[in-house]
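Undergrad: Structure, please.
(one chain, ligands or ions: 2)
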Amino acid sequence: MSPLRCATDSTVRCHGTTTCRWPTPMDDLAALRQQYQALLDRLQRNEREFRRLGRAVWRVQEDERRRLARELHDGVGQNLTAIKHRLAAIANTLPQDANNVQAALDAAIALCSDTLEDTRQLSRLLRPPVLDDLGLEAALRWLARTQGEASGLDIAVEIGPLPALDTDLQTLLFRVAQEALNNIARHAQARSVLLRLVERAGKVQLQVADDGRGCEPEAAMRSGGSGLGGMRERLRLYDGTLDMHSTPGAGTRLRAVVPLPAG
Ligand SMILES: Nc1ncnc2c1ncn2[C@@H]1O[C@H](COP(=O)(O)OP(=O)(O)OP(=O)(O)O)[C@@H](O)[C@H]1O
Ligand SMILES: [Mg+2]
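TA: Ligands and ions are numbered 1, 2, ... in the order given. Okay, the predicted model is just below:
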């Protein structure tokens, strides 16, 4: 007896026993289902690995930003402060009639002050120390206050009770809020903004709503700007989503939702 395929072990061999039989369509279906499941498992493993790597790259990028921010603040910033003090000391030793030199020194001191302020601002933009020192809530309030002062927007912040969030999640939500507020300042022509952070059913929700000119959400998401697209990709690494609701002329609401890690 040599059937082409034996249903008992799905190979071309036959056991030659009484249990041997021809494969039925149900056997074929079961084999296909098994193959499909194996492929699906592999796909899911690859997807998990891809996300793990994506999160690792992003973490390295944030670490680098943190290092640069400190270097700018502590290194460049302190040197500029020292130069400013030395120039001021020289100015104090000048005779009363050295007006030209005095004016040149004053101009140099003013330049130092401006550069120092720019350096500090750049350092804070790269990685605000408040995020590492005091956490997300304080960092969002700081962001709203400084963005409001810089752009003239009236930014209200509402933060509900939240469980402790890990550093990655705090950074992620902070970056989304930062991009959303930047976009409002640049594109929305809004007057007021509401930034809300709450927990709902095991997920953290960040909403940033403005009363500006609105936009076409589909087009905005596809516009090729790295802002919204980059945020959506980052959120996906954490199983999160980003959606935008807007009607031209009636403001925009951006909402990021991220599941809290189990436990
Ligand atoms: N709050 C908003 N109000 C009105 N339009 C908006 C708002 N947010 C985004 N947009 C529109 O969506 C587009 C895409 O935003 P996105 O942040 O992706 O890119 P961008 O801000 O143009 O550039 P960048 O890469 O520097 O962020 C913007 O160009 C703007 O037209
Ligand atoms: Mg943008």
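Undergrad: can you tell me how far the residue of the stretch 1-150 of the chain found nearest ligand 2 sits from Gln96?
TA: Across the stretch 1-150 of the chain, no residue is closer to ligand 2 than Gln147, which sits at 13.3 Å (C-beta to the ion). From N, CA and C alone the C-beta is placed, and that goes for glycine too. With distances defined as C-beta to C-beta, to the nearest Å, the gap from Gln147 to Gln96 amounts to 46 Å.
Undergrad: residues contacting the residue of the stretch 1-150 of the chain closest to ligand 2?
TA: Applying C-beta atoms under 8 Å, 6 or more residues apart in numbering, one finds that Gln147 lies in contact with 153, 155, 181-182, 185.
Undergrad: Tell me how far the residue in the stretch 151-263 of the chain positioned nearest to ligand 2 lies from Asn182.
TA: Each residue of the stretch 151-263 of the chain has a distance to ligand 2, by C-beta to the ion, and the smallest belongs to Gly227, at 2.7 Å. To Asn182, Gly227 is 7 Å away according to C-beta to C-beta.
Undergrad: Which one's more surrounded, the two?
TA: Comparing Gly227 with Asn182 by neighbour count (other C-beta atoms under 10 Å), the higher total belongs to Gly227, at 17 against 14.
Undergrad: tell me what the helix or strand encompassing Ala156 is packed against?
TA: Per DSSP states H and E, Ala156 falls inside strand 154-159. When contacts are defined as 3 or more C-beta pairs under 8 Å, 6 or more residues apart in numbering; DSSP states H and E, strand 154-159 sits against helix 136-151, strand 192-200.
Undergrad: now do 10 Å
TA: Contacts of strand 154-159 with other secondary structure elements, assessed using 3 or more C-beta pairs under 10 Å, 6 or more residues apart in numbering; DSSP states H and E, are made with helix 136-151, strand 192-200, strand 203-210.
Undergrad: Check whether that strand comes near ligand 1.
TA: No: no part of strand 154-159 sits close enough to ligand 1 to count as contact by C-beta under 6 Å from any ligand atom; the gap is at least 12.6 Å.
Undergrad: Could I have the CA atoms of that strand written out in CSV?
TA: Below are the C-alpha coordinates for strand 154-159, written out as CSV (Å, rounded to 0.1, in the frame of the first residue of the first chain):
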residue,chain,number,x,y,z
ASP,A,154,-4.2,81.8,26.6
ILE,A,155,-3.4,78.2,27.5
ALA,A,156,-5.5,76.4,30.2
VAL,A,157,-4.2,73.1,31.6
GLU,A,158,-6.4,70.4,33.2
ILE,A,159,-4.7,67.4,34.6
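Undergrad: Around ligand 2, which positions in the stretch 51-200 of the chain sit nearby?
TA: Residues of the stretch 51-200 of the chain that fall close to ligand 2, judged by C-beta under 5 Å from the ion: Asn183.
Undergrad: Those residues of the stretch 51-200 of the chain touching ligand 1, which are they?
TA: Checking the stretch 51-200 of the chain against ligand 1 by C-beta under 6 Å from any ligand atom, the hits are 183-184, 186-188.
Undergrad: Pick the one among those closest to Leu134.
TA: Proximity of these to Leu134 was ranked by C-beta to C-beta; the top entry is Ile184 with 24.0 Å.
Undergrad: Next, count neighbours for the closest residue to that closest one other than its chain neighbours.
TA: With C-beta to C-beta, 6 or more residues apart in numbering as the criterion, Ile184 has its nearest non-adjacent residue at 4.7 Å, and that residue is Asp210. The burial count assigned to Asp210 is 27, neighbours taken as other C-beta under 10 Å.
Undergrad: residues contacting Asp210?
TA: Asp210 makes contact with 153, 155, 180-181, 183-185, 187-195, 246, 251-254, according to C-beta atoms under 10 Å, 6 or more residues apart in numbering.
Undergrad: and Cys215, what pLDDT?
TA: Per-residue pLDDT puts Cys215 at 92.
Undergrad: Tell me which other helices or strands the worst-scoring helix or strand of the chain on mean pLDDT touches.
TA: Of all the helices and strands that make up the chain, helix 217-222 has the lowest average by mean pLDDT, DSSP states H and E, namely a mean of 86. Packed against helix 217-222, as judged by 3+ C-beta pairs under 10 Å, 6+ apart, are the following elements: helix 226-237, strand 241-246, strand 252-259.
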